[in-house]
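Asks: Kindly return the folded structure for what I paste below:
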Amino acid sequence: MPQTPQTPKETSTPGGRLTQQERQQIALGLADSLPYAEIARRLDRPTSRDPNTPPQDHGRDAEAVREYEETFTTVFMQSGLPKMTARVLASLYTTDAGSLTASELAGRLQISPASVSKAVTFLESQGLIRRERDERRRERYVVDDDVMYQSTMASARSTAHLGEVARQGVGILGPNTPAAARLENIARFVDFISENIARAADQAREVLHTKPDRTSDSDT
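Replies: Numbers count the residues shown, from 1 in each chain. As a prediction, the model looks like this:
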């Protein structure tokens, strides 16, 4: 007897890897400020992990944290990062310390040290993380407020460099040619973008060093 084709929702196993459709639903749920437990319920996903999983700090829901990290990873991948690199960056951003050692990353993500090394080398080259030594002389990979600012400024410089190269072509191709006109317009466009990115980053830098203003009924 022929079987009815299953939908993507039906083919996903509770607790298994997220489908693209589920990731989209999670993103929509987060945009609507839904609690993680509610998002998991709508996806018919469990909201707790294996009983042997160590409890999360601050009473967090371990499964909700894992699902959120997958969503964060997907966003980084959509911005152009390779999957493993995106997983490493998402892990760093979702730790309270904002830093992990190579062995901690390997254990957390269940990947090889070589994969960690490749990912962090790329992230460092892009200014997305930095390295430092802790009190035990272990190398740690760090994401902090200054890293986000420096990464944004690096992006602005990269965009500005594109404008410089485009403008070099104007003289080479002839100032009155269609190709040169195109390159001049590109240069003017990216100049404007890079200058505004840098200006906005400078103006907003203090936001990265300011704690959110949270009020509580229990404040004394």
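
Asks: which stretches of this structure form helices?
Replies: Along the chain, counting by DSSP state H, helices occupy 8-11, 20-31, 36-42, 62-78, 83-93, 102-109, 113-125, 145-173, 178-208.

Asks: just these: most buried one?
Replies: helix 83-93 (a mean of 21; mean count of other C-beta atoms under 10 Å). C-beta here means a position set from N, CA and C on the backbone, and glycine is covered the same way.

Asks: and it, what other elements does it pack with?
Replies: Secondary-structure packing of helix 83-93 (3 or more C-beta pairs under 8 Å, 6 or more residues apart in numbering; DSSP states H and E): helix 62-78, strand 99-101, helix 102-109, helix 113-125, strand 139-142.

Asks: Now the fourth one: average pLDDT?
Replies: When the per-residue pLDDT values of helix 113-125 are averaged, the result is 91.

Asks: what's the answer for the longest one, then?
Replies: Predicted confidence along helix 62-78 averages 87 (mean pLDDT).

Asks: Now the residue nearest to the spatial centre of the chain: closest residue in space, sequence neighbours ignored.
Replies: Residue closest to the average C-alpha location in the chain (C-alpha atoms, centre = their mean): residue 76, at 4.1 Å. Nearest residue to residue 76, sequence neighbours excluded (C-beta to C-beta, 6 or more residues apart in numbering): residue 86, at 3.6 Å.

Asks: Pretty sure the one you found sits against residue 80.
Replies: No. Checked against C-beta atoms under 8 Å, the pair residue 86 and residue 80 is beyond contact range at 9.2 Å.

Asks: Could you check how far residue 63 is from residue 81?
Replies: According to C-beta to C-beta, to the nearest Å, residue 63 stands 24 Å off from residue 81.

Asks: hmm, I was thinking of residue 93
Replies: 12 Å.

Asks: circling back to that earlier point, so the residue nearest to the centre of the chain sits right up against residue 92, yeah?
Replies: No. Applying C-beta under 8 Å as the test, residue 76 and residue 92 come out as separate, 10.9 Å apart.

Asks: what touches both of the two?
Replies: Residues touching both residue 76 and residue 92 by C-beta atoms under 8 Å, 6 or more residues apart in numbering: none at all.

Asks: pLDDT weak spots in the chain?
Replies: For the chain, the stretches with pLDDT under 70 are 1-18, 30-38, 40-41, 44-56, 213-220.

Asks: Outline the domain layout of it.
Replies: Per automatic domain parsing, the structural domains of the chain span 14-80, 82-143, 145-208.

Asks: Kindly reformat the helices and strands packed on helix 83-93 as CSV containing distance to residue 28.
Replies: Converted to CSV, these look like this (distance: least, C-beta to C-beta, whole Å):
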stretch, distance to residue 28
helix 62-78, 10
strand 99-101, 30
helix 102-109, 26
helix 113-125, 28
strand 139-142, 31
